[in-house]
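# Curious how this folds, go ahead:
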Amino acid sequence: MQPIRTALCSFGMSGKIFHAPFIHRNPHYQLCAVWERSKKIAADLYPGIISYDNYEAILADPDIDLVVVNTPNITHFDYTKRALLAGKHVVVEKPFTVTVAEAIELEELAVKQDRILSVYQNRRFDSDIRTVRRVIEEGSLGQIVEAEIHYDRYNLVLSPKPHKEIAVQGTGVLYDLGPHVIDQALVLFGMPDALFADITHQRPGSQVDDYFEIIFFYPQLRVRLKSGYVVMEPVPAYAIHGTSGSFLKPRADPQEIKLNAGLLPEDDTWGVEDPASAGLLHTNIDGQPKKLMIRSEAGNYGAFYEGLYDAIQNNIFEDKFVPASAGTNVIRIIEAAYKSRDEKRIIAL
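This is a model prediction of the structure:
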């Protein structure tokens, strides 16, 4: 079967690090084109790739089946809509869009065009969340009553990229790191009944939000999501508490570090954590409290493109496929969080 011929909309960190290696190494895909506005560097790594000067040329190329929209947040809606109208399948980087109305319009357009539309939630395939999910599903924690997910950094320096530091819709940590932890919480626990949010900025001179805390309300469960750029000593990224025990897990997936170092997913060691980063399970075994270090699952960002292939070629939509509706739900949460911040109240969903 002919591979899915794929084009990237940029070759910055997102294209070079998170997309190109996994597309290139998957035999079901052909990385055939990229939109490079100034620097022409993609061909150094992928000889034979076509470098286009503008987006219109990509959309007009009949040989391109799939477009990866990995451009600034505010452009996601326009570029995705144009690609769908051109008859392309589309992968959109997170956040899917900046408003729910835009997200719904794109979902409906994809159905009308009979094209596959997916959101690149690669952190579903981190070693950390895969391990947390396994521990919960195995039942050793009992009924989950409280969970906390962090994505913290320590960086007081403002980004040199203007689109990241200007206070306009679609910028700030809630649109940047927020989609990762929100999506993970929705994967683990589903949509909450209501939420409350605190969103602000803490870095000197920052114009955009760089801190948030969101509380999800479920009938018998509370989930806290937190992210900040002024956290020098991080707490466990995942703290899951149930009627039978607790599980604490640091953020330790090695894939981004390896990709930044120029390493590629070539063998079974890919995505395997340092054993020192194992999670701590404190539970009851035969009526006695026990503390156990839990082996982590291997991370695999390549699984995203495996799920996408099954959706495009085989009309199979299994766990590895990330539908557009998942991206829409994340934006529903973000919009509700800002409303909660502005109105200083719990928002029903």
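# Can you tell me how far N70 is from H180?
The gap separating N70 from H180 is 15 Å, by C-beta to C-beta, to the nearest Å. Yep, even glycine has a C-beta here, placed from its N, CA and C like the rest.
# more neighbours, these two?
For the pair N70 and H180, the greater number of neighbours falls to N70 (26 against 21), based on other C-beta atoms under 10 Å.
# residues touching the more buried one, list them.
Contact analysis of N70 by C-beta atoms under 8 Å, 6 or more residues apart in numbering lists 8-10, 12, 14-15, 18-19, 93, 120.
# For PyMOL, write the selection for the buried entries among those residues.
In PyMOL syntax, the buried subset of these is picked out as below (16 or more other C-beta atoms under 10 Å):
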select buried, resi 8+9+10+14+15+18+19+93+120
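# now, among the contacts of N70, which is nearest to S277?
Closest approach to S277 among the contacts of N70 (C-beta to C-beta): F18, at 21.1 Å.
# Distance check, the closest residue to that closest one other than its chain neighbours against H180.
Take F18 and drop its neighbours on the chain: the residue closest to it by C-beta to C-beta, 6 or more residues apart in numbering is N122, 6.1 Å away. Going from N122 to H180 by C-beta to C-beta gives 9 Å.
# same thing with A83?
When A83 is compared with H180 (using C-beta to C-beta), they lie 24 Å apart.
# Run through the residues that contact the closest residue to Y55 other than its chain neighbours.
Nearest residue to Y55, sequence neighbours excluded (C-beta to C-beta, 6+ apart): W35, at 5.8 Å. Residues near W35 by C-beta under 8 Å, 6+ apart: 7-11, 51-55, 58.
# C-terminal to the helix or strand hosting H76, what's the next element?
Assigned by DSSP states H and E, H76 belongs to helix 76-85. The helix or strand immediately downstream of helix 76-85 is strand 89-93, counting by DSSP H and E.
# and the closest residue to A326 other than its chain neighbours, what is it in contact with?
Distances taken as C-beta to C-beta, 6+ apart place V119 nearest to A326, at 6.0 Å, with adjacent residues excluded. For V119, the contact set (C-beta under 8 Å, 6+ apart) comprises 91-94, 96, 322-324, 326-327, 330.
# can you pull up the bridge partners for the residue nearest to Y55?
For W35, the beta-bridge partners are Y52 (DSSP bridges).
# With V231 as the reference, measure out to it.
As judged by C-beta to C-beta, W35 and V231 stand 35 Å apart.
# now stretch 263-274, how far from the centre of its chain.
Remark: stretch 263-274 is offset 20 Å from the chain centroid, using C-alpha atoms, centre = their mean, to the nearest Å.
# Return the set of buried residues in it.
265, 270-273.
# which residues of the stretch 51-200 of the chain fall in helices?
Counting by DSSP state H, counting those that start in this stretch, one finds helices in the stretch 51-200 of the chain at the ranges 55-60, 76-85, 100-113, 127-138, 162-165, 173-176, 178-189.
# mind listing what the residue nearest the centre of the chain touches?
When C-alpha atoms, centre = their mean is applied to the chain, the residue found nearest the centroid is Q121 (2.9 Å). Neighbouring residues of Q121 by C-beta under 8 Å, 6+ apart: 94, 179-180, 183, 304, 322, 326-327.
# Just to be sure, A33 is in a helix?
No: per DSSP: H, G, I helix; E, B strand; the rest coil, A33 lies outside any helix segment and is strand.
# and the contacts of Q121, which are buried?
94, 179-180, 183, 304, 322, 326-327.
# Return the distance of the residue nearest to the centre of the chain relative to V91.
To V91, Q121 is 10 Å away according to C-beta to C-beta.
# Over to A42?
According to C-beta to C-beta, A42 and V91 sit 17 Å apart.
# for I333, same thing?
Distance of I333 to V91, computed by C-beta to C-beta: 21 Å.
# what do you get for D44?
With the distance defined as C-beta to C-beta, D44 ends up 23 Å from V91.
# Look at those two and report which has more neighbours.
The neighbour comparison of D44 against V91 (other C-beta under 10 Å) goes to V91, with 25 against 8.
# which ones are touching that one?
When contacts are counted by C-beta under 8 Å, 6+ apart, V91 is found next to 19, 66-69, 118-120, 308.
# Please dump those residues into CSV; it should also carry pLDDT and distance to Y238 for every row.
Shown next, in CSV, are the contacts of V91 (pLDDT from 0 to 100; distance: C-beta to C-beta, whole Å):
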residue, pLDDT, distance to Y238
H19, 98, 26
L66, 98, 32
V67, 98, 34
V68, 98, 29
V69, 98, 30
S118, 98, 25
V119, 98, 22
Y120, 98, 21
L308, 98, 26
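# between those residues, which is nearest L225?
Of all the contacts of V91, V119 has the smallest distance to L225: 17.9 Å, by C-beta to C-beta.
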